[in-house]
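S.K.: Quick one: sequence and predicted model below, then my questions.
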2 protein chains.
Amino acid sequence: MENENLLKQISFIKEIDKIKYIQRRTKLFNSDRNENDAEHSWHLAMMAIVLAEHANEPVDVLKVLKMVLIHDIVEIDAGDTFIYDTAKDHSNTDEELIAAKRIFGMLPKEQAEEFIAIWEEFEEGKTNEAKFARSMDRFEPLLQNTSNKGGTWAELNVDYQRVYDKKKVINEGSTSIWNYSENLLNECVDKGILKK
Amino acid sequence: MENENLLKQISFIKEIDKIKYIQRRTKLFNSDRNENDAEHSWHLAMMAIVLAEHANEPVDVLKVLKMVLIHDIVEIDAGDTFIYDTAKDHSNTDEELIAAKRIFGMLPKEQAEEFIAIWEEFEEGKTNEAKFARSMDRFEPLLQNTSNKGGTWAELNVDYQRVYDKKKVINEGSTSIWNYSENLLNECVDKGILKK
Ligand SMILES: [Ca+2]
């Protein structure tokens, strides 16, 4: 049984390597090189560890880490949906649920169920852990775009109000990080890298 | 105080982006594209979560995750030392300790101390968490090289015995993963992608 589990787990470990080829729209800090989903997930995990003290409610950091480490694995099948793409709903598409079942389903049954549940909890965004994890997911590209003279906002002509509306959920995870973010958005407007 | 911490933490979060540019010698699975340290660290974190049940002794998974997520950050200053490079000792060089103090030292004092201690614990490899984290760090490139017709072993003419000697510490973290690894190495010899 132990060995049967191990073989399934190793198949899964090989499969998720594909996340390293999924390019995000956002660029690395001070760079014009796109970030991929593995790099993004690593960075969110580091942010969650470092910034946990700023969560509005105490969070189970291990659960937050699981959320951010696995949240984009479904994109192996479903692809990255850009947050400012109006034609497609960003989260929890049917396609993503099918992907979650296929990819996490490679794991031993109990583990597969745990991973699907954690992914769904992240997508729903209702628990303290999900709120904090989602605030990390919004905060990283905000920092990146700011360091890249507007980055994807400038590139795709996204204005202040649309950025603000997408970013304000940071406040549900951490009011102090949201206060910092709001100031940063205002600075971007002042610098002319975000249109109001 | 909260805000002062936050500013330090954000500086650290920006600094560690540099890990995404550090190329390892090992290639992605079935690929000729080099892996970078952020991708590698993400993969080890996923492996630690998925494979924790195979640890020889029960481990604090959160601590293992912190170890694998931060273990290569020192390479921002010290660079990646290739494991089969005989000219340079692989781990815990003076250079790496200076790097740890500079980079983790960007964080608020208490957090900086925690990160340096976790990094040192990983490097020393004595606790259950460090043993298991280190076994993940050896197991990933073993799987990658196997999927790449010998990968860096073939490329750099590293023979079975040298690979075996470097990999056998996997056994300290997990005997079942070591048994699997030893079989895999023997298969590589049989296939002619690892010289005995
Ligand atoms: Ca995404």
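M.R.: Great, that's in hand. Only a predicted model underlies this, so the values are computations on that prediction, with no experimental measurement involved.
S.K.: Break down chain A into its helices, ranges please.
M.R.: Along chain A, counting by DSSP state H, helices occupy A:2-15, A:37-51, A:61-70, A:75-78, A:94-104, A:109-124, A:128-147, A:151-155, A:160-167, A:170-173, A:175-191.
S.K.: got these as CSV, with mean neighbour count columns?
M.R.: (Each C-beta comes from the backbone N, C-alpha and C, glycine too.) Shown next, in CSV, are these (neighbours: other Cβ atoms under 10 Å in any protein chain shown):
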stretch, mean neighbour count
helix A:2-15, 16
helix A:37-51, 25
helix A:61-70, 24
helix A:75-78, 18
helix A:94-104, 17
helix A:109-124, 17
helix A:128-147, 23
helix A:151-155, 20
helix A:160-167, 16
helix A:170-173, 22
helix A:175-191, 16
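S.K.: okay, the ones you listed in a markdown table with distance to residue B:173 and mean pLDDT next?
M.R.: Compiled in a markdown table, the helices of chain A are given as follows (distance: least, Cβ to Cβ, whole Å; pLDDT from 0 to 100):
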| stretch | distance to residue B:173 | mean pLDDT |
| --- | --- | --- |
| helix A:2-15 | 14 | 94 |
| helix A:37-51 | 21 | 98 |
| helix A:61-70 | 19 | 98 |
| helix A:75-78 | 28 | 92 |
| helix A:94-104 | 24 | 95 |
| helix A:109-124 | 19 | 97 |
| helix A:128-147 | 28 | 97 |
| helix A:151-155 | 40 | 92 |
| helix A:160-167 | 41 | 95 |
| helix A:170-173 | 34 | 98 |
| helix A:175-191 | 36 | 97 |
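S.K.: Using JSON lines, lay out those helices together with distance to residue B:145.
M.R.: Shown next, in JSON lines, are the helices of chain A (distance: least, Cβ to Cβ, whole Å):
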{"stretch": "helix A:2-15", "distance to residue B:145": "13"}
{"stretch": "helix A:37-51", "distance to residue B:145": "19"}
{"stretch": "helix A:61-70", "distance to residue B:145": "24"}
{"stretch": "helix A:75-78", "distance to residue B:145": "23"}
{"stretch": "helix A:94-104", "distance to residue B:145": "24"}
{"stretch": "helix A:109-124", "distance to residue B:145": "26"}
{"stretch": "helix A:128-147", "distance to residue B:145": "32"}
{"stretch": "helix A:151-155", "distance to residue B:145": "37"}
{"stretch": "helix A:160-167", "distance to residue B:145": "42"}
{"stretch": "helix A:170-173", "distance to residue B:145": "40"}
{"stretch": "helix A:175-191", "distance to residue B:145": "41"}
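S.K.: Would you tell me which of the ones you listed gets closest to residue B:75?
M.R.: helix A:37-51 (13.6 Å; Cβ to Cβ).
S.K.: Determine the angle, from 0 to 180 degrees, between that closest one and helix B:109-124.
M.R.: 130 degrees (axes from the mean of the first three to the mean of the last three Cα atoms, to 10 degrees).
S.K.: orientation of helix A:37-51 relative to helix A:128-147 in degrees?
M.R.: Angle, helix A:37-51 to helix A:128-147, by the same axes, to 10 degrees: 110 degrees.
S.K.: Phi and psi next, for residue A:80.
M.R.: Per-residue torsions, residue A:80: phi -80, psi 120 (degrees, to the nearest 10).
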